[in-house]
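Peer 1: Got a sequence here, can you model it:
(chains A and B)
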Amino acid sequence: MKSVIVNNVQKSFKGNKSFVQALEEISFDVEQGELFGLIGSDGSGKTTLFRILTTLMIPDSGTASVDGFDIVKDFKAIRNRVGYMPGRFSLYQDLTVEENLSFFATLFNTTIEENYDLVKDIYKQIEKFKHRRASALSGGMKQKLALCCALIHKPSVLFLDEPTTGVDAVSRQEFWELLRQLQNQNITILVTTPYMDEASLCDRVALIQQGILLDIGTPKGIMNKLGKPLWAARASNMYMLMKELKSMKEVFSCYPFGNEHHLIFHNDGQSIEEIETALKKKGIVDVLLKRTEPTIEDLFMKLMNKEKL
Amino acid sequence: MNVITVQSLTKQFGSFTAVDNISFDVKKGEIFGFLGANGAGKTTVMRMLCGLSFPTRGEVTVAGFDLFTEAEKIKKTIGYMSQKFSLYEDLTVKENIRFYGGIYGLTDIQIKSKTDFMLQDLSINDKADTLVKSLPLGWRQKLSFSVAMVHEPQIVFLDEPTSGVDPVTRREFFSMIYEAAHTGTTVFLTTHYMDEAEYCHRVSIMVDGRIDALGTPTVLKEQFSVSDMEGVFLKLARGAKRGDD
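Peer 2: So this is what the prediction gives:
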């Protein structure tokens, strides 16, 4: 069963002198129980799309449904069924941990006890601070409390807007482990992130840039779409290596990637000796070139270049 | 030559020791990655190095100036940029350059030539009179960096400069950093992107107010027997007792 259906949804914002096309005719589906990632940088339209699907905003054109309900006609039904964790921490700073959770439970005509099972695993981690005001919590704990509050009414679809932005690598890893556990409860999860490496943790991902869906599929399927062999290069002077590689006519694209430079040649069968010899002539004698597997970030950049921003 | 020297630096807030007896140096022209989990004390150290707050104990010099006695001189010789704040959104590109140039005491002639150079360098000549708020995020970040460098500082502090920025811009941004370091500017930077830690000449990792690791990415990876900086970070930060804020 489809949990979310988006059909040609379009949205623009008009200001006094400005016009922003936030979403261009976007269409995709999310299956029930899927962990679906929306990957894109700031300003790509992720949040606008979430606001539309959680019925906080109406699209200019197109239709969408969540859990079988129309986002315009049946907005009240949807609001009872979705959990939404906005990008900015939006709980009540002057209420305690427990008060926040009980407040959100009451809004949805339920109690903490009734759905405790669902939040138990996460809540246990912050329970010892239950009498502490939300304003005095650390970032990682605020994030866990927000997730509990978004879950307490047992939603069938969960929208998480950049839950890991600005969070350190350890907390990020823990948060994804929590999402995996939630998935076992048969909740559909839509999550946005600017971190490309998190894409591989989703069942399927959509890559979005400036309101355009660049691609959609399983992380593996997307990575295979690069279509050209990808090479990794190293040398002791990475800066000079980059300069030289970029100036070579054989090189289609070259960019830093962690401790290597990733490069794609115009010609798939490019002779590597030729490149090494050319580099040696320029004084780079210790270059190391090897084939490497593409990541989501490699594909994202290829697609971005095609769209020519 | 060292442009930042830190010796036995400690900062306490009441009974809480935010920074616990740390020592390190940063060399001229170095790209120095200053990493740590949320709440490890990075921001507290950065604020002190920028002359915005004083240590409880310890000795610090920045660009040859003593933090206790010459904080105002430090402020003039450094540049600063963060993701959260750097440019005025309701001023145009040109106005922002003029504003920061003025703050740093550049003459009108210097500001004029800097403005021309920056517009050319970033290829945004046609955007000179555009409000910063209507520029795409990527351009804004590159402009902020150039503005932080407008007075040709010896050291530039970058606090999560690429947070939320797309992968192409993130790389263009790092080319600018490389370029700056190549011409002798020292770059002191924090980031949550572990691949960016790989681009740094040296990296330090703070855990609970201490510096638990310091070295080149290659050395650190060997030391912790992992293949990337993310591995180093996870090994160290997993042991952290302190949460953020």
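Peer 1: now the helices: where do they sit in the stretch 1-150 of chain A?
Peer 2: A:46-53, A:75-81, A:97-107, A:116-126, A:139-151 (DSSP state H, counting those that start in this stretch).
Peer 1: Could you dump the ones you listed into CSV and include mean pLDDT?
Peer 2: Below are those laid out as CSV (pLDDT from 0 to 100):
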stretch, mean pLDDT
helix A:46-53, 95
helix A:75-81, 95
helix A:97-107, 95
helix A:116-126, 89
helix A:139-151, 88
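Peer 1: Turn the ones you listed into JSON lines, including mean neighbour count and distance to B:Phe174.
Peer 2: The C-beta positions use only the backbone N, C-alpha and C, and glycine is treated the same way. Written out in JSON lines, the entries for these read as follows (neighbours: other C-beta atoms under 10 Å in any protein chain shown; distance: least, C-beta to C-beta, whole Å):
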{"stretch": "helix A:46-53", "mean neighbour count": "24", "distance to B:Phe174": "24"}
{"stretch": "helix A:75-81", "mean neighbour count": "16", "distance to B:Phe174": "42"}
{"stretch": "helix A:97-107", "mean neighbour count": "18", "distance to B:Phe174": "40"}
{"stretch": "helix A:116-126", "mean neighbour count": "16", "distance to B:Phe174": "36"}
{"stretch": "helix A:139-151", "mean neighbour count": "23", "distance to B:Phe174": "26"}
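Peer 1: report the longest helix in chain B, please.
Peer 2: helix B:167-182 (DSSP state H).
Peer 1: what residues does the helix or strand following it touch?
Peer 2: Heading C-terminal from helix B:167-182, the first helix or strand you meet, by DSSP states H and E, is strand B:186-190. Strand B:186-190 is contacted from outside by B:3-4, B:26-36, B:42, B:46, B:49, B:154-161, B:177, B:180-181, B:196, B:200, using C-beta atoms under 8 Å, 6 or more residues apart in numbering or on different chains.
Peer 1: out of the residues you listed, which are buried?
Peer 2: Among the contacts of strand B:186-190, those buried by neighbour count (16 or more other C-beta atoms under 10 Å in any protein chain shown) are B:3-4, B:26, B:29-36, B:42, B:46, B:49, B:154-161, B:177, B:180-181, B:196, B:200.
Peer 1: hmm, back to that, out of the helices of the stretch 1-150 of chain A, nearest to chain B?
Peer 2: Smallest distance to chain B across the helices of the stretch 1-150 of chain A (C-beta to the nearest C-beta): 4.1 Å, for helix A:139-151.
Peer 1: check contacts around A:Asp168.
Peer 2: By C-beta under 8 Å, 6+ apart, the contact set of A:Asp168 is B:Gly36, B:Ala37, B:Asn38, B:His192, B:Phe233, B:Ala237, B:Asp244.
Peer 1: what's the answer for A:Leu182, then?
Peer 2: Counting by C-beta under 8 Å, 6+ apart, A:Leu182 touches A:Leu151, A:Leu158, A:Ile189.
Peer 1: Buried residues in the one helix or strand it maps to, which are they?
Peer 2: Per DSSP H and E: A:Leu182 is located in helix A:169-183. Neighbour-count burial for helix A:169-183 flags A:Ala169, A:Val170, A:Ser171, A:Arg172, A:Gln173, A:Phe175, A:Trp176, A:Leu178, A:Leu179, A:Leu182, A:Gln183 (criterion: 16+ other C-beta under 10 Å).
Peer 1: Over to stretch B:56-65?
Peer 2: Across stretch B:56-65, burial judged by 16+ other C-beta under 10 Å covers B:Gly58, B:Val60, B:Thr61, B:Val62, B:Ala63, B:Phe65.
Peer 1: Please apply the same query to stretch A:1-13.
Peer 2: Buried residues in stretch A:1-13, counted by 16+ other C-beta under 10 Å: A:Ser3, A:Val4, A:Ile5, A:Val6, A:Val9, A:Gln10, A:Lys11.
Peer 1: and if you look at stretch A:247-267?
Peer 2: Residues of stretch A:247-267 classed as buried by neighbour count (16+ other C-beta under 10 Å): A:248, A:251, A:253-265.
Peer 1: Filter those to keep only those in contact with chain B.
Peer 2: The overlap between the buried residues of stretch A:247-267 and the neighbours of chain B (C-beta under 8 Å from any C-beta of the partner chain) comes to A:Tyr255, A:Pro256, A:Phe257, A:Gly258, A:Asn259.
Peer 1: does A:Ile208 really touch A:Ile39, like I thought?
Peer 2: Yes - counting by C-beta atoms under 8 Å, A:Ile39 is a contact partner of A:Ile208 at 6.9 Å.
Peer 1: So which bits of chain A are right by chain B?
Peer 2: Contact residues, chain A versus chain B (C-beta under 8 Å from any C-beta): A:18, A:40-44, A:137-141, A:165-171, A:173, A:194-196, A:209, A:238-239, A:242, A:255-259, A:297, A:300-301, A:304-305, A:309.
Peer 1: out of those, which are inside strands?
Peer 2: A:Gln209, A:Tyr255, A:Pro256, A:Phe257 (DSSP state E).
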